[in-house]
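Enquirer: here is a sequence together with a model predicted from it:
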Amino acid sequence: MVDVVIIGGGPAGISAGTVLQRKGYKTCIIDTQVFPREKLCAGVLTAKSKKLLFYIYKNIKFKKTVMNNINKIELLYNRKTVGKYKVKNAYSVINRKDFDNELLQYYKDIGGIVLDGQKRYKIVYNKNRVILSDGRKVSYHFLIGADGINSRVRSYVQHKWKVSILCFEKFIPNIYNEDTIKIDFGGIFGGYSWRIPGKDRVGVGLGEVYIRGVKRRPDKYKKYFESQGIENIDDLKGAFVSAGNFVKKPVRGNVLLVGDAAGLVDAMTGEGIYFAFQSGLQAALAIIDNLERDASLMAYVNRINKIHRKMKEQNIYNKILYAPILQLMCLAHIKNNSNFTKNILDNTISTYHVGYTEEIKSSRNI
């Protein structure tokens, strides 16, 4: 018997487990993959993500994870430069395989239990029990679903769900010491392509709106990756992302959803790590309040209401920036207002100190 079972060993689940473990509660993380494992993700940590990282994982010392701090951002349209910017708040690029594994090791070092490689686990919700692949049973008082965009737990909390974005990515060696994050809005339907350099490798990828029933175009993807100097796409990795389609009530009984499982992704940028940290933290605090003060678990919804408000604002501007008719107008504004764009990169995307609406109003008053 443990106090909390967490399904999923990504940043959201590990963060929840870490907070609970430090408060003296017994937790267990169950994951289908064996760690360390590869993870399709550009691996960008914003300033706000790093602040939460070091708040949750106190005194963590990374042994393998290297943060490649990037201050240069280039925005493009069909490979033509819209603007180049040097930001004050560095964007740190990490290798998710190493990063997630070191967070998991931190969790284990403070007493957390990890049961990875559980391909065929089964959750018996009415008995508060997880049956592992080998038949062993783990009983719990609370369960946290942190099992990503294809969450099994979400189907219990909310039956209807649809993904928004389909992403493809490949990593290549950073042999030219690239030092600029490049985002290209051209040629991608409802999304963007990226070239993001880590210390030793560069993540090259794209994300576009996914429409069920519409046939994918491998030739289009092949053409894009060839334009980036990548000939072989046989080992291209793909994954779905939810851009703005969040679970409004991510609680059912003693079950909570966090991170991608709750659809918590920035609709403008695709950033998910910050929301993973924040929702994992808030889910843990909601459980602690329930155990120690008999507070309702539904308080978790109020705790992440700030995230939901941010996402609603992001959804509005997502529809403007990524709409084909309006996109060129938006990019023209970005090109002609470099200070505005730099403020968005520093004060909105990197820190959330200022919202999109507030920044736009401020730029009009200049």
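Expert: Received it, and whenever you're ready, just let me know what you need.

Enquirer: going forward, measure contacts between C-alpha atoms and count neighbours the same way
Expert: OK.

Enquirer: ok, now which ones touch residue 238?
Expert: By Cα atoms under 8 Å, 6 or more residues apart in numbering, the contact list for residue 238 reads 40, 166, 167, 168, 169.

Enquirer: let's see 10 Å
Expert: Residue 238 makes contact with 40, 41, 166, 167, 168, 169, 170, 205, 206, 207 under the criterion Cα atoms under 10 Å, 6 or more residues apart in numbering.

Enquirer: in terms of helices and strands, where is the fifth one?
Expert: Same thing as residue 168. Applying DSSP states H and E as the criterion places residue 168 in strand 165-173.

Enquirer: other residues contacting whichever helix or strand comes after that strand?
Expert: Per DSSP H and E, strand 165-173 leads on to strand 180-184 as the next helix or strand towards the C-terminus. The set of residues that contact strand 180-184 without belonging to it, under Cα under 10 Å, 6+ apart, is 44, 69-82, 84-86, 91, 93, 191-198, 202-206.

Enquirer: 6 Å - rerun?
Expert: Residues outside strand 180-184 that contact it (Cα atoms under 6 Å, 6 or more residues apart in numbering): 72, 73, 74, 75, 76, 77, 192, 193, 194, 195, 196.

Enquirer: contacts made by the longest strand seen in the chain with the rest, please.
Expert: Scanning the chain for the strand with the most residues, using DSSP state E, yields strand 80-93. For strand 80-93, the external contacting residues (Cα under 6 Å, 6+ apart) are 43-46, 67-76, 198, 335, 346.

Enquirer: same deal with stretch 354-366?
Expert: For stretch 354-366, contacts defined as Cα under 6 Å, 6+ apart pick out 347, 348.

Enquirer: ok, back up a step: tell me which strands the longest strand of the chain pairs with, and in which orientation.
Expert: When pairs are called by DSSP bridges, strand 80-93 turns out to pair with strand 44-45 (antiparallel), strand 68-77 (antiparallel).

Enquirer: next, the buried residues of the strand holding residue 168.
Expert: Applying a neighbour-count criterion of 16 or more other Cα atoms under 10 Å, the buried positions in strand 165-173 are 165, 166, 167, 168, 169, 170, 171.

Enquirer: quick revisit: and the contacts of residue 238, which two are furthest apart?
Expert: Using Cα to Cα, the two most remote members of the contacts of residue 238 are 166 and 170, lying 14.0 Å apart.

Enquirer: what pLDDT, on average, does the strand holding residue 168 get?
Expert: Confidence over strand 165-173 (mean pLDDT, whole number) is 92.
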